[in-house]
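*Asks:* Dropping the sequence and predicted coords here.
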Amino acid sequence: MKKISVITAIGVVLFSLQTVSAQQAEEALPTTKTEASINQDDYKQIKINNLSEIIKAAVEKDYPKASIAEAYGDKVGNYKLILAIGKDTKTVYTNARGDWFDPNKKG
């Protein structure tokens, strides 16, 4: 009976040591944060005629009184559009699927 108690005690000690070493290993791992940021200089002016019909349709649907005054594209397929609404202008950002996004929000 004493052998079973000793073996159980050894097992508990080994399990405890393993848990402590695993926690130390996790704490030793460096953590990094990835932030999605959009550099405004990455956008290059493009011709409005080169915009896809999807983007033109998104503007027409969501900004029916607006016209695209200027268009800029980046290397990953995002677009910066300057919309003319009467005498005012509005800058909006969209991806190739016509989904609007805010370049200042990190996500």
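*Replies:* Yep, it's here. Residues are numbered from 1 along each chain as shown.
*Asks:* so where's this protein shaky on pLDDT?
*Replies:* Judged by pLDDT under 70, the chain has its weakly predicted residues at 1-41, 106-107.
*Asks:* Domains in this structure, by residue range?
*Replies:* Domains of the chain are assigned by automatic domain parsing as 1-30, 40-101.
*Asks:* Next, K56: phi, psi?
*Replies:* phi -60, psi -40 (degrees, to the nearest 10).
*Asks:* so how far is Y43 from the residue lying closest to it once chain neighbours are set aside?
*Replies:* Excluding the flanking residues, the one nearest K56 by CB to CB, 6 or more residues apart in numbering is I68, at 7.4 Å. Using the backbone N, CA and C atoms, a C-beta is placed for each residue, glycine as well. Applying CB to CB, to the nearest Å, the value for I68 to Y43 is 14 Å.
*Asks:* repeat for Y63
*Replies:* In terms of CB to CB, Y63 sits 19 Å off from Y43.
*Asks:* what do you get for I85?
*Replies:* I85 is 20 Å from Y43, where distance means CB to CB.
*Asks:* what about these two, which has more around it?
*Replies:* Between I85 and Y43, counted using other CB atoms under 10 Å, the more crowded position is Y43 (18 against 13).
*Asks:* Could I get the contacting residues of that one?
*Replies:* The neighbours of Y43, taking CB atoms under 8 Å, 6 or more residues apart in numbering as the test, are Y72, G73, D74, N78, Y79, K80.
*Asks:* Pick the one among those closest to K47.
*Replies:* G73 (10.0 Å; CB to CB).
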